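> Show me how the following folds:
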Amino acid sequence: FCLLPSNFCLLSSSHPHLTQNNGSLYIEGVDANALADQYGTPLYVYSKNRILNNYRRLKAAFKKSGVPINIHYAIKANNNLAILHSLRELGAGADASCFNEIELARHAGFPPEKIINSGNNNTDEDLIHALKHVDKINLDDITILPRLLKFGKPKILSFRLNPMVGSGSHGTNVFGGKESKFGIDAETALYAYQIAQKRGIKRFGIHMMPGTGGLDPDAYPNATRILIETMEMIAEKTGIQFEFMNIGGGFGIPYRDGVAPLDMDAIAQKIAKLYKEAIKKNEERLRLAEKTTGPQLTLACEPGRYIVGDAGILLARVHTVKKAHKKFAGTDAGMNVMMRPALHGSYHRVLCANKMADTQEKIRYTLCGPICENGDQYPEPYDLPPLEERDLLAILDTGAYGYSMANNYNTQSRPAEV
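The predicted structure follows:
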């Protein structure tokens with residue numbers, strides 16, 4: 001919590017960690033320009049308070065609905081160890097997609113029972129490592145099961161359902177449907193669980209991930225309904241008592257001004273209603289089967305973007321202002337540092353961190369980086385104060401899939417993180 005002088009100005013309710021004073025941008029009360037001078041640019045800066053508050057808000061939404069939820073933070077969104085430590089201290093679990101993400105989770109102190117391994121096209125090394133260090137293994141396809149069983153049996157096994165519906169901020173972010181490489185259909189899922197039973201596995205969950213970054217509030221309850229229907233069908237035909245249902249993550253955040261954030265309270269209420277109905281049906285199934293006890297079905301999710309997305313700011317220095325058929329502002333934060341604009345056509349709000357109080361008429365610039373690809377430019381132009389060499393730009397909402405997708409193309413260095 002930062003006590004700021006009265007002359008500080010809060011930028012927006014959606015970014016309470018950002019303020020301005022005397023023409024400079026401040027992040028958690030720290031001058032962005034001083035950070036850039038100290039650590040160099042490009043530089044990723046994260047607000048710890050915002051990350052923790054985002055986690056608490058999601059947790060509280062489901063608590064108010066009367067249904068607690070186990071949150072497994074998606075390491076792929078941002079694998080910074082300080083962030084992992086902070087979330088683990090709050091009680092979060094971890095969603096690890098591969099060998100190295102399991103190692104990060106372990107290094108950050110997550111115990112095996114708090115980690116779920118949900119990979120895609122797993123290598124044998126991934127499977128062996130997951131069996132050794134993770135209690136819950138989630139398989140993307142039935143064909144991976146025989147390979148897994150060559151090395152051992154997981155404590156709890158789940159399969160990833162393709163609910164055949166999906167939502168996302170971009171076509172490449174839609175993970176459900178006929179064009180998706182992820183998950184299996186309901187019929188294949190039934191067969192997969194039957195095979196797992198025959199091979200002696202006793203404990204099960206079920207999983208889905210329809211997409212990421214979407215802001216349609218109905219998409220999450222609708223996909224959850226399909227997941228529950230499939231789970232109930234499998235339970236009736238196999239007698240499996242599922243221990244958890246994982247509704248995935250993908251909760252979106254607004255990347256543009258004027259876009260409303262998700263009403264997580266309302267979404268949680270709808271999902272909780274479906275969950276409670278599923279619990280009642282499961283109790284009736286047990287009664288009819290003359291079983292008095294069974295494992296309690298728990299609810300889980302695995303968000304990444306919702307927790308860290310709007311907590312990140314990428315600071316980039318302007319090195320070239322080029323006047324051609326349009327005006328270019330060349331920065332040191334290219335597609336190697338922030339891939340989303342080139343990969344997904346993503347839009348991010350941009351501020352000039354050292355000219356926050358500039359009243360001059362705005363000029364339209366196309367932002368680009370130093371990479372030897374014409375795709376290394378932002379898909380939409382920005383109206384900014386007249387830019388000069390050494391100006392500092394702040395690219396907002398870069399906490400998710402920013403540094404974690406950074407690379408060394410053109411033999412460029414990766415940025416620092418603060």
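> going forward, measure contacts and count neighbours with C-alpha atoms only.
OK.
> Tell me which stretches of the stretch 51-200 of the chain form strands.
Per DSSP state E, counting those that start in this stretch, the stretch 51-200 of the chain carries strands over the ranges 69-74, 93-96, 115-118, 136-139, 156-161.
> Averaging pLDDT per element, find the lowest-scoring helix or strand in the chain.
strand 9-10 (a mean of 64; mean pLDDT, DSSP states H and E).
> ok, back up a step: pick the most deeply packed of the strands of the stretch 51-200 of the chain.
strand 93-96 (a mean of 28; mean count of other CA atoms under 10 Å).
> Could I get the average pLDDT for it?
Averaging pLDDT along strand 93-96 yields 98.
> again with stretch 16-29
Averaging pLDDT along stretch 16-29 gives 95.
> longest strand anywhere in the chain?
Using DSSP state E, we find that the single longest strand of the chain is strand 312-323.
> related to what we said a few turns ago, who wins for proximity to Asp358 among the strands of the stretch 51-200 of the chain?
strand 69-74 (38.9 Å; CA to CA).
> neighbours around Val259, how many?
When neighbours are counted by other CA atoms under 10 Å, Val259 registers 10.
> One more: Tyr26?
Neighbours of Tyr26 under the rule other CA under 10 Å: 23.
> same for the helix or strand hosting it, what does it pack against?
Using DSSP states H and E, the element containing Tyr26 is strand 24-27. Contact partners of strand 24-27 among helices and strands, from 3 or more CA pairs under 8 Å, 6 or more residues apart in numbering; DSSP states H and E: strand 18-21, helix 32-39.
> ranking those by burial, who's on top?
Scoring those by mean count of other CA under 10 Å, the most buried comes out as strand 18-21, with a mean of 21.
> Please state the offset of that strand from the chain centre?
27 Å (CA atoms, centre = their mean, to the nearest Å).
> Now do the helices for this protein: every range, in order, please.
32-39, 48-64, 81-90, 99-107, 124-133, 144-151, 186-198, 219-238, 264-288, 305-308, 340-344 (DSSP state H).
> If I take the first one and strand 312-323, what angle do their directions form?
Angle between the axes of helix 32-39 and strand 312-323 is 90 degrees (criterion: axes from the mean of the first three to the mean of the last three CA atoms, to 10 degrees).
> swap in the longest one?
With the same axes, to 10 degrees as the criterion, the two stretches helix 264-288 and strand 312-323 enclose an angle of 130 degrees.
> on that earlier part again, can you put the helices of the chain in a markdown table and add mean pLDDT and distance to Thr320?
Below are the helices of the chain laid out as a markdown table (pLDDT from 0 to 100; distance: least, CA to CA, whole Å):
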| stretch | mean pLDDT | distance to Thr320 |
| --- | --- | --- |
| helix 32-39 | 98 | 17 |
| helix 48-64 | 97 | 32 |
| helix 81-90 | 98 | 34 |
| helix 99-107 | 98 | 38 |
| helix 124-133 | 97 | 44 |
| helix 144-151 | 97 | 50 |
| helix 186-198 | 96 | 54 |
| helix 219-238 | 93 | 43 |
| helix 264-288 | 89 | 42 |
| helix 305-308 | 97 | 31 |
| helix 340-344 | 93 | 20 |
